[in-house]
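need a structure here:
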Amino acid sequence: MEASIREGREDCLFCRIIEKKIPSKIVYEDTRAIAFEDVNPQAPVHLLVIPVKHIASLSAIQPKDDAILTHLFSVVSRLAREKGIVERGYRTVINSGRGAGQTVFHLHVHLLSGRPFQWPPG
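As a prediction, this is how the structure comes out:
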């Protein structure tokens with residue numbers, strides 16, 4: 001793991017999962033992203049897809065991070081196919097900031113499926 005990506009992030013729960021300091025049920029991993037099962041699932045399928053690079057939230061995205069976002073959603077699409085949920089549908093959610101429900105300040109995409117969802121959410 002590149003030191004500059006991790007430096008100063010020892011207090012971040014998701015960084016510690018990436019570093020394998022906290023166990024998780026990892027379903028996908030490469031050099032740019034990791035996906036794992038949510039410990040408090042809100043649907044039969046509830047995965048979190050996160051960048052390896054620590055980015056606190058959508059508000060912290062910089063133009064240099066464009067490829068990271070593209071990759072995260074490519075991973076979401078791949079996992080949806082692998083989980084067999086494309087046909088029945090799935091929801092992706094990114095909470096940004098405490099007021100929107102973000103509790104871990106490391107950018108993450110929720111991938112949810114397996115139950116009916118309402119609109120509007122929340």
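
and the longest strand for this protein?
Secondary structure of the chain per DSSP state E: the longest strand is strand 45-51.

now that strand: mean pLDDT?
Average pLDDT, strand 45-51: 98.

that one pairs with which strands, and in what direction?
Next to strand 45-51 in the sheet, as set by DSSP bridges, lie strand 33-37 (antiparallel), strand 109-113 (antiparallel).

what's the spacing between it and its chain's center?
4 Å (CA atoms, centre = their mean, to the nearest Å).

now do it: everything it contacts.
14, 18, 27-28, 32-38, 65, 68, 71-72, 75-76, 79, 83, 85, 90, 106-114 (CB atoms under 8 Å, 6 or more residues apart in numbering). The C-beta positions use only the backbone N, C-alpha and C, and glycine is treated the same way.

swap the cut-off to 6 Å and go again
With contacts defined as CB atoms under 6 Å, 6 or more residues apart in numbering, strand 45-51 is touched by 14, 33-36, 38, 68, 72, 75-76, 83, 85, 107-109, 111-114.

of the residues you listed, just the buried ones, ChimeraX syntax please.
In ChimeraX, a selection of the buried entries from the contacts of strand 45-51 looks like this (16 or more other CB atoms under 10 Å):
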select :14,33,34,35,36,38,68,72,75,76,83,85,107,108,109,111,112,113
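
state which helix of the chain is the longest.
In the chain, with assignment by DSSP state H, the single longest helix is helix 66-82.

residues touching V27, list them.
Applying CB under 6 Å, 6+ apart, we find V27 in contact with A35.

which SSE is it in?
According to DSSP states H and E, V27 maps onto strand 26-29.

and D11, what's its pLDDT?
We have a pLDDT of 88 for D11.

again with E2
So, for E2, pLDDT stands at 45.

picking up where we left off before, adding mean pLDDT, write the strands paired with strand 45-51 out as TSV.
Formatted as TSV, those follow (pLDDT from 0 to 100):
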stretch	mean pLDDT
strand 33-37	98
strand 109-113	98
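
now render these as CSV, adding distance to I94.
Converted to CSV, the strands paired with strand 45-51 look like this (distance: least, CB to CB, whole Å):
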stretch, distance to I94
strand 33-37, 14
strand 109-113, 6
